[in-house]
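K.L.:
Sequence plus predicted model, see below.
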Amino acid sequence: MTPPRHILDFTAQSAVMTSAGDHAPLLDDLPAEVGALVRVVQGLLLHEHHASAYGVTLSDERRDESHIRPVERMLDRLLARDAWPLQAARPAEARLICVCRHFALLLVAMLRAKGIPARTRCGFADYFSTGRFEDHWVCEYWKPEEDRWVLVDAQIDELQHAKFLPPFDVLDVPRDRFLIAGEAWAKCRAGHADPGDFGIFDMRGLWFVAGNVLRDAAALNNMEMLPWDVWGAMGGPDQPLSADQLAMFDQLSALTRMPDAAFAALQVIYDADTRLRVPATVFNAVRRRLEPV
């Protein structure tokens, strides 16, 4: 069912993280077709954890690029290296170093610049390792001719496709292969999935799923944070979730699983609850320090 006009308008307008700022005119020259935009994104970005596959060895200074949050600053850094048009694919070593969240965010920014409703979704993908759902972000855009939201994995280029062999079109990711965080939470809570199968590296469990539920809720409110940003209700592996916390994440999971139907409620609970709303300062768990948003 087609979402109401105000929801489509909300997801078609740039916001804090998706605004290109002074670089907005550069987005005007880009194509409007999703597949073409994905190729543009892939020519600009290089995933930090896959750099070696492209023959790139990263310095600590280059790795720091993955901590950039807003698209405007991403483009600042990219264009400071060279001033080529965004359609010009950079050699791997000249691309901006990032993670999956940046691929999704930049695609959303480009789609919104074309007036196409789009949003980032935080969750878990099962196509990177057998038997596990890995921490991941994708883009979700509205496809009016099919009257549905479509998931797009902008990170999976030809090289990664050959490595991971996803048996589906990455421009239309099946929703059982990428689980939005709220869906993963619901499956774990119902006993239909093992929380230990969800996470990244050695960080796994219900606490990790809860963190991604909150990150997805923030993204649906136009605050697409880094995958390792921590604030408010998020806990850690040594902090068991209380009954009140479980109930809160149950509610947040239900709202984020139906973000159109729950659009107003999701905005109200996010704005009203300081445990959920992104504060002015968050804890960067990789750098182990507080940082302004």
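P.N.:
Sure thing, it's come through. Residues are numbered from 1 along each chain as shown.
K.L.:
quick one, what contacts residue 116?
P.N.:
Listed by CB atoms under 8 Å, 6 or more residues apart in numbering, the contact partners of residue 116 are 12, 32, 34, 141-142. Every residue, glycine included, has its C-beta placed from N, CA and C.
K.L.:
now these in a markdown table, with distance to residue 91?
P.N.:
A markdown table is the format used below for the contacts of residue 116 (distance: CB to CB, whole Å):
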| residue | distance to residue 91 |
| --- | --- |
| 12 | 33 |
| 32 | 26 |
| 34 | 25 |
| 141 | 28 |
| 142 | 34 |
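K.L.:
Counting neighbours, which of those residues end up buried?
P.N.:
Buried members of the contacts of residue 116, counted by 16 or more other CB atoms under 10 Å: 12, 34, 141-142.
K.L.:
can you give me the strands for the protein?
P.N.:
With DSSP state E as the criterion, the chain has strands at 45-47, 96-98, 118-125, 133-143, 148-152, 178-180, 198-200, 203-204, 229-230, 281-284, 289-292.
K.L.:
Kindly compare burial across the ones you listed and name the winner.
P.N.:
strand 118-125 (a mean of 27; mean count of other CB atoms under 10 Å).
K.L.:
which other helices and strands contact that one?
P.N.:
Strand 118-125 sits against helix 100-113, strand 133-143, strand 178-180, helix 181-189, helix 206-220, with contacts defined as 3 or more CB pairs under 8 Å, 6 or more residues apart in numbering; DSSP states H and E.
K.L.:
partner strands of that strand, parallel or antiparallel?
P.N.:
strand 133-143 (antiparallel), strand 178-180 (antiparallel) (DSSP bridges).
K.L.:
Show me how far it is from its chain's centre.
P.N.:
When C-alpha coordinates are averaged (CA atoms, centre = their mean, to the nearest Å), strand 118-125 and its chain have centres 5 Å apart.
K.L.:
repeat for stretch 285-292
P.N.:
The answer for stretch 285-292 is 19 Å, by CA atoms, centre = their mean.
K.L.:
Check the separation of the first and last residues in that stretch.
P.N.:
13 Å (CA to CA, to the nearest Å).
K.L.:
Nice, that's everything, thank you.
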